[in-house]
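1. My questions are about this predicted structure, shown below with the sequence.
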Amino acid sequence: MDELTTALELATEEELRQITQILFQPRFNPLDYWKTPPPLEIESQDWHSWINSVDHRFRYLAADGMTVLRGNTQELSYRQILIQVCLFLKIPYSQDMTTTDLEAEIFLRLVEKTWDKLPKKEKRSLKGKIIRSLSVSNPPEPLPLVIQNDPIKMLLKGSGIVAINSILKPWLLKHIAKQFALHFATYQAAKTALIKGGTATAIGLQSKFAMQMAKQGMKTAAVRYGATRAVLSCIGPLMWGWFIADLGWKAISTNYTRIVPIIFTLAQIRLTRDLGF
C-alpha cells in the first residue's frame, strides 16, 4: 500500500477534514471553481471514499503541467512527489532513502525553519521539555551525552550526523515531533482560553501545530498573490495574452503551497501516532 494512503488512514476525522479544506477549498486557481467539488461534498462520503478523494486530489495538485495534460496524475507515486518537493525546497536526499525517510527530511526542514523563528524564551522552554521527555524514555540504545544536552541541535542542524545512527535517529525524531506538537497546541489552547475568558481543553492536540503551519503557507500564498495583482495593474493590454497563457499553465502545474503543508501534516501524524500520541 502507498505510504500516502497509510498516513491518511491514521488521521482522525478532524485531521482529515482539515486536510480536505486545504486541498479542496477554492483559491486562486480558476479550475477550483470549475470541476473541483466543495470540501463539504468530499467530507460527506463514507470513510474509504473520502480518503480516496483526498488521495486523488493530492496527486493531481502535486503533478506537473505535462502530467496533468496527459491525464497521468494518478500514476504519480508518493515517493516521486516527495523527491520533487526535496528538489523544490533544496533538501539533500539519497535514492537509497525510504519513502518515510524522505517525508521525515521534509518535516525536519520545516521544523528547522519554525525553530529558527521562535523567540529565545520559547526555544528554551521547548528545549527543556524535549530534554525532560528524553530523560524518562526508553531509547533503543544509550543516548550520547551530546544528544542528551542538546537534542534539537543534533537533529535539526545536522551536526550530530556521526552521533545519531540509523536506529536512534527515527526514535529521536518521533519524540521531538511529539514535543513540538504538544508545545504549540498547548500554546494555542492557552491563547484561546484567554480570548474566550474561560478554560480551553486541548482537544486534537496532534493536529494544531500542523494546521498552524498549513495556514501559514496559505498566508504566504495570499501575500504573493497580492503582490502579483499589484504588478498586473501596471501592465498594458498587450501583456494580457501572455498573462492568460501563463495563468493557464500555472493552473495545472505543481501546487507547492498546498502539497507541502499536507506532507508536513502527514509526517507529523505518522510520527506522533506511532508513539501512541
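-> Good, I have the coordinates.

2. Which parts of this structure belong to which domain?
-> Following automatic domain parsing, one gets these domains for the chain: 1-103+205-277, 118-203.

3. can you give me the mean pLDDT across stretch 17-31?
-> Mean pLDDT, computed over stretch 17-31, is 79.

4. Let me fix that, I meant to ask about stretch 179-189.
-> Stretch 179-189 comes out at a mean pLDDT of 68.

5. Then stretch 113-126?
-> So the average pLDDT for stretch 113-126 ends up being 84.

6. what's the first-to-last distance across that stretch?
-> 15 Å (CA to CA, to the nearest Å).

7. ok, now stretch 88-106?
-> 11 Å.

8. For that stretch, buried residues please.
-> Neighbour-count burial for stretch 88-106, counted by 16 or more other CB atoms under 10 Å, picks out 91, 97, 99, 100, 101, 102, 103, 104, 105, 106. Where you see a C-beta, it was placed from the backbone N, CA and C, and this is true even at glycine.

9. Need the three-state assignment for residue 45.
-> coil (DSSP: H, G, I helix; E, B strand; the rest coil).

10. Please look at it and residue 53 and confirm they touch.
-> Yes - applying CB atoms under 8 Å, one finds residue 45 in contact with residue 53, separated by 6.5 Å.

11. Between the two, which has more neighbouring residues?
-> residue 53 (18 against 14; other CB atoms under 10 Å).

12. Can you tell me the element that one falls in?
-> Taking DSSP states H and E as the criterion, residue 53 maps to helix 47-62.

13. what's the average pLDDT for that helix?
-> Helix 47-62 shows an average pLDDT of 93 in the prediction.

14. What of stretch 71-80?
-> 84.

15. related to what we said a few turns ago, go through the helix holding residue 53 and flag the buried ones.
-> 50, 51, 53, 54, 55, 57, 58, 59, 60, 61, 62.
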